[in-house]
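Visitor: Next one to model:
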Amino acid sequence: MDEEKNPLKKKRNNAGFTLAETLMAMLIMLMVTAIVAAGIPVARNAYEGVVLASNSELLLSTTLSALRNELGTAKNIECKDGGKEIRYYNPSAKITSCIFLNDEKATEGIQFQRYAAADILGNKGAEGNRLVTWAASNKNLYVTYRSASFSNGIVTFTDISVNMEDGSRTDLATRDSYSIRVLSYE
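Guide: You can find the predicted model right below:
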């Protein structure tokens, strides 16, 4: 009897995959997955490196802008302690201020203080705040400079660099020197 005429007889279907073909497909998929999984940490590290470099450049730019804003209209500028401290009078705020590099806590970077009166100027340290606030910077980065000088109406900072707080990376973003022309210099 014909297969078409007998509905009880099963048709033999030769379409489909053999066990060997299925195993080979699974092996290929496993190899592709292993290659992709091995590339994820490399891609993540590259991404973190790019983000760190970007954050470092942004922090350096923000710090330089803050220095320019503070010192651009300053009066009576004095560089002390081998260029690690800059004292000045801010005419717009009508207050004496100080920018200094905190050597005791190197991870704090450039510090900033405002004083109510000139007679407390020798009291730096615990009262200092970061020049660029934590909110405006990445919390594990800080900016330092080697020295500052003031001559002919120009404040010059040397070797400005962004470093990681844990000390694992230094000089993430650098400037050999940065000069600010003081507008109110006479």
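Visitor: what's the next secondary structure element after the helix or strand bottoming out on mean pLDDT in the chain?
Guide: Sorted by mean pLDDT, DSSP states H and E, the helices and strands of the chain end with strand 110-115, the least confident at a mean of 66. Using DSSP states H and E, the helix or strand that follows strand 110-115 in sequence is strand 129-130.
Visitor: ok, Val155 touching Glu78?
Guide: No. Here Val155 does not reach Glu78: they are 10.8 Å apart, not a contact under CB atoms under 8 Å. Where C-beta positions appear, they are placed from N, C-alpha and C, glycine not excepted.
Visitor: quick one: the helices in this protein?
Guide: 19-71 (DSSP state H).
Visitor: Direction included, what does the strand ranked longest in it pair against?
Guide: Determined from DSSP state E, the single longest strand within the chain is strand 154-164. Applying DSSP bridges, strand 154-164 is found paired with strand 141-144 (antiparallel), strand 147-151 (antiparallel), strand 173-181 (antiparallel).
Visitor: and among these, the most buried is which?
Guide: Stretch with highest mean neighbour count among the strands paired with strand 154-164: strand 141-144 (a mean of 23; mean count of other CB atoms under 10 Å).
Visitor: Show me the contact partners of that strand.
Guide: Residues lying outside strand 141-144 but in contact with it, judged by CB atoms under 8 Å, 6 or more residues apart in numbering, are 55-56, 59-60, 63, 101, 106-110, 130-132, 160-165, 172.
Visitor: Could you rerun that using 10 Å?
Guide: Applying CB atoms under 10 Å, 6 or more residues apart in numbering, the contact partners of strand 141-144 are 52, 55-56, 58-60, 62-64, 66-67, 84, 101-103, 105-110, 130-132, 137, 159-165, 169-173, 175.
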